[in-house]
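Engineer: Structure of the sequence below:
(one chain, ligands or ions: 1)
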Amino acid sequence: MAGRGPAGKTNRSMNTLETGRAEIGHVPVRIWNGGRKGTAMKGMELGGKRATQLQATQPRTAGKKIMHGADYYPEQWLDTPEILEEDLRMMKLAHIDTVTLGVFAWAALEPEEGFWRFEWLDRVMDRLHENGIQVILATPSGARPAWLAKAYPEVLRVTQDRQRNLYGMRMNHCYTSPRYRELTKRIDSKLAARYAKHPALKAWHISNEYHGECHCGLCQEAFRRFLQEKYGSLEKLNQAWWTAFWSKIYTDWEQVESPSSRGEMAVQGLALDWKRFVTVQTKAFMDMEIGAVKAYTPDISVTTNMIGSFIEVDYPRLAPSLDVASMDLYPQWGSASCREVAMDAGFEYDVIRCLKMTPFWLMETTPSMTSWTEVGKLKEPGLHRAGCLQAVAHGADSVQYFQWRKSRGAFEKFHGAIIGHSGHEHTRVFRETAQLGEILGKLGEVAGTRCRGEAAVLYDWSNRWAIEGSMGPRKNKYYEETVREHYRALRSLGLNVDVIEEGQPLEDYAIVAAPMLYLVKVGLAEALEAYVEKGGILLLTYFSGIVDENDLCFQGGFPGPLRKLAGVWVEELDTLYPEEQGRIVSMPENSIKIHGIWTSRDYIEVIHPETAAVEAVHGTSWYQGMPALTSNKWEAGSVWYLAARAEEAFLKILYGKLLSMAAKRKKAQAGPVRQRKLPEEVELSIRRDGTYQYFFYINWGRRECTVKAPEGVELTGGHECRGELVLEPLGTAVVKAAYTERCS
Ligand code: GAL
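Structural biologist: Model (predicted):
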């Protein structure tokens, strides 16, 4: 799966059927009441008819808290009811206050069509509530029973080479299929009707990690309708897709098909529109599910668990339908230094946080190891606390795990869980989880506070798709890596950084970094101009302003609509072999007082300043002496254009200088922002409300570090902080300080 950093699931393909097949199949015909055989009969309609006997013994949101929870799959243990009681006992010991139920429980809830089994879920919900544990209840559409696929083969996905999948795995369904929508809506509605008033119900977890695409006939028809609506005429479509090239002109809508390795792969406008369509279908399906539960529970929050920067689904399009953004993240600790892995994880959190600019929920992470990766690495002692607090530092109001208890068999039997196959709590993983739960209990007041980005990195799905799909200027574009390099450089200055898409408001940021802004949407150039005009500092790089939303190159000179703003004309773009290196040499006199020589790689541009000043030049090859970094004054702000992929050390210096510049400019709303000096290995994130700010420090290094911190209270230890903190390796601290400009 392209586009995931090491923090994400680089090694797992989400778009093909996972091998090894985990089949739910038929559940044992038992109900939860003491393990006696169930008596439910075919056609028995329980959905919507059960008025819960339970009175709410506590409000749904009992005060502010950072939730601590786990995915819980009691349906796997229906024939051993004593497990539920044991789980409840241990959940309380682990300070678990929330569980996600029912994510893949369709077959347990509807073992045959129209044959409903809710009794086990009633009992679990009741017992959880009686034990003070709230429930995020899932709609089960992420995996379906075998009977359903057998009865209605149209629900199964068709792959891009036009093969219909067999029944198996999960997320193997067509989003367009009216039958799948109908059956999903029916079970979602039944769940919602039945548990609408249940006091344990905290929120809805809609499906699971929506992803993938289907190329069946129904999808092809829907795709054509989508295109007809978008373009109105084939003439416009042909123009947008540049179909005169290789004789691709469409003369009938019926000729249009989704991309396929057996068919059309060369029309990039088509590929982009197909990806957009897949997101539209995904959202339509999700909205249908949300509508089903909201019909009964209009006031209960809905979320769906997203996968950070996962490239397949344009998450900013899904976000408006959700009350809360939530995500799953499995940082691959051990694959690089803790700091590197953490920086990537931080980026993922910030992508999801910025979808709604409000706190998000960390819906899944592992308490120990993952089983789908090349290497199943355990977290060394202390890493669990540091890793989970990092999520909170970046704006999470929950830490939840996949999973509470390891399954005995099937696909994920080795995946980390709080309770392993030993079945008890006397384990290191349990202890560390419980300790984290205790710490989260002390951070309740942090819930709801915001992380306000002081700088932003532009990161846009259309841009990503277009860059990845473009033939040239080189095979590996290094887009994802580059964005993260800029993010890291800004983070190393101690800044909170927002990761936003094209079109999000910019005015509050001291700096906006827009690396490799290849695709420029309508209106973006004007928005950037307005931002800079009022004193903003914008950094653009090589390979920007190349195409419009349809992947059509801008005519008249790059960087197209950004040319005036950047004050440069890009004549040529050279790309380098891996063993080649360029140099960036500062001008003897430059406006930001940088002095030195740095390396560049992969991309070097030949640019001509028009209104911009030259701050540094290329130091190698035939472009030696030509501009590598320029600045263009634009009203109260400035635009910086970097004409090569610079080493990270250079980015840090450059952003440091730009930040000092920003600090001098009294920006209207953002207030002065300045660099916060930190030891290299320490990460700082700040959450705030109107009264307090919460400084989260994490030492990712192997040595003890001393950091300057504001005066206040260290919340996890409950002691005073007098301006300095000592952090042991993997040590964490959360300092609460009054909200004053002096502290920030
Ligand atoms: C997630 C998924 C979970 C579980 C987990 C294992 O992507 O939502 O159901 O499979 O991965 O890491």
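Engineer: Report all helices and strands that the longest helix belonging to the chain contacts.
Structural biologist: Looking across the chain with DSSP state H, the single longest helix is helix 268-294. Counting contacts by 3 or more Cβ pairs under 8 Å, 6 or more residues apart in numbering; DSSP states H and E, helix 268-294 packs against helix 178-195, helix 217-231, helix 234-241, strand 301-303, helix 315-318, helix 461-469. No exception for glycine: its C-beta is placed from N, CA and C like everyone else's.
Engineer: Of all these, which one comes closest to residue 325?
Structural biologist: strand 301-303 (6.8 Å; Cβ to Cβ).
Engineer: do the closest one and the ligand meet at all?
Structural biologist: No. Under the criterion of Cβ under 6 Å from any ligand atom, the ligand is not reached by strand 301-303; the shortest gap measures 13.2 Å.
Engineer: Just checking: what are the partner strands of the very next helix or strand once past that strand?
Structural biologist: Once the chain leaves strand 301-303, the next helix or strand it forms, by DSSP states H and E, is strand 305-306. When pairs are called by DSSP bridges, strand 305-306 turns out to pair with strand 326-328 (parallel).
Engineer: Now the strand it pairs with: buried residues?
Structural biologist: With burial defined by 16 or more other Cβ atoms under 10 Å, the residues of strand 326-328 counted as buried are 326, 327, 328.
Engineer: Can you tell me which of these comes closest to the ligand?
Structural biologist: If you rank these by distance to the ligand using Cβ to the nearest ligand atom, residue 328 comes first, at 5.2 Å.
Engineer: Quick one: list the elements packing against the host helix or strand of residue 431.
Structural biologist: In this structure, residue 431 sits in helix 428-441 according to DSSP H and E. Contacts defined by 3+ Cβ pairs under 8 Å, 6+ apart place helix 428-441 against strand 67-72, helix 82-93, helix 383-393, strand 396-401.
Engineer: Check the burial of residue 363 by counting its neighbours.
Structural biologist: With neighbours defined by other Cβ atoms under 10 Å, the count for residue 363 comes to 31.
Engineer: Make 22 the starting number, not 1.
Structural biologist: That works, and once the first residue is 22, the last one we named lands at residue 384.
Engineer: Just to be sure, it is in a strand?
Structural biologist: Yes. Residue 384: assigned to a strand according to DSSP: H, G, I helix; E, B strand; the rest coil.
Engineer: wait, it sits on residue 422?
Structural biologist: No. At 9.2 Å, residue 384 and residue 422 do not qualify as touching, with contact defined as Cβ atoms under 8 Å.
Engineer: Who are the contact partners of the residue in the chain that the ligand sits nearest to?
Structural biologist: Nearest to the ligand, among the residues of the chain, is residue 423, at 4.3 Å (Cβ to the nearest ligand atom). Residues counted as contacts of residue 423 (Cβ atoms under 8 Å, 6 or more residues apart in numbering) are 91, 92, 349, 385, 386, 387, 436, 438.
Engineer: so which pair among those is furthest apart in space?
Structural biologist: Pairwise distances across these peak at 14.8 Å for 349 and 438 (criterion: Cβ to Cβ).
Engineer: Not counting stretch 752-761 itself, show me its contacts.
Structural biologist: By Cβ under 8 Å, 6+ apart, the residues outside stretch 752-761 that reach it are 403, 406-407, 410, 414, 464, 466-467, 709-720, 725-726, 730-738, 742, 746, 748, 764.
Engineer: How about stretch 441-459?
Structural biologist: Contacts with stretch 441-459, where a contact means Cβ under 8 Å, 6+ apart, come from 89, 107, 111, 114-117, 388-389, 400, 402-403, 405-406, 409-410, 420, 422, 427, 429, 437, 439-440.
Engineer: Same check on stretch 388-407?
Structural biologist: In this structure, residues lying in contact with stretch 388-407 by Cβ under 8 Å, 6+ apart are 30, 32-33, 39, 91, 351, 353-356, 359, 363, 408, 422, 433-439, 449-450, 453-454, 456-457, 460, 719-721, 750-753.
Engineer: Show me these that map onto strands.
Structural biologist: Per DSSP state E, strands hold the following members of the contacts of stretch 388-407: 91, 422, 719, 720, 753.
Engineer: Any idea how many residues pack against the third one?
Structural biologist: Put plainly, it is residue 719. Neighbours of residue 719 under the rule other Cβ under 10 Å: 26.
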